[in-house]
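S.K.: generate coordinates for the sequence data below:
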Amino acid sequence: MVHSAVADDVFYALSNSTRRRVLEQLSLGPATVTQLAAPFDMKLPSFVQHLSVLERSRLVKSKKRGRVRTYEIAPERFKVAEHWLSERRQAWESRLDRFDEYVKQLKQKESKS
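M.R.: I've put the predicted structure just below:
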């Protein structure tokens, strides 16, 4: 089972559409705060709060050179979400397989009657 506090941080960060769009931008490569903020209609301090959430969840990392801060994806943390979703998918596939088998058994019983 995924450590719940870590998963909570990751899913909280992913729960916001602005942060997901930032991650999509960063999937194309590193970008500065100014570049990342450009497509959004919000004040820079509000936007930087989104970046802080992403950085605290460790989905992104930043480097500062002089006065310019650049962000990039930290792909290893996405494995937390991937692992949690994979566990859920396996559980549901197993349940659906059992349900399918049950329906087949019912149909066989009906055809014999």
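S.K.: start and end of stretch 61-75, how far apart?
M.R.: When the termini of stretch 61-75 are compared using C-alpha to C-alpha, to the nearest Å, they are 10 Å apart.
S.K.: just the buried positions in that stretch, please.
M.R.: Within stretch 61-75, the residues that qualify as buried are 62, 71, 73-74, counting by 16 or more other C-beta atoms under 10 Å. In short, each C-beta sits where N, CA and C put it, glycine included.
S.K.: what sits up against it?
M.R.: Stretch 61-75 has contacts (C-beta atoms under 8 Å, 6 or more residues apart in numbering) with 22-23, 26-27, 29-33, 36, 51, 54-55, 58-60.
S.K.: returning to what we had before: of all the buried residues of stretch 61-75, which two lie farthest apart?
M.R.: Ser62 and Ile73 (11.2 Å; C-beta to C-beta).
S.K.: ok, back up a step: if any of the contacts of stretch 61-75 are buried, put those into a ChimeraX selection.
M.R.: Remark: buried members of these, expressed as a ChimeraX selection using 16+ other C-beta under 10 Å:
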select :22,23,26,31,33,36,51,54,58,59,60
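S.K.: ok, the contacts of stretch 61-75 vs Arg88, which is closest?
M.R.: Leu59 (19.6 Å).
S.K.: got phi/psi on the closest one?
M.R.: When read as degrees, to the nearest 10, the backbone of Leu59 gives phi -80, psi -20.
S.K.: isn't it right up against Phe78?
M.R.: Yes: judged on C-beta atoms under 8 Å, Leu59 makes contact with Phe78 at a distance of 6.8 Å.
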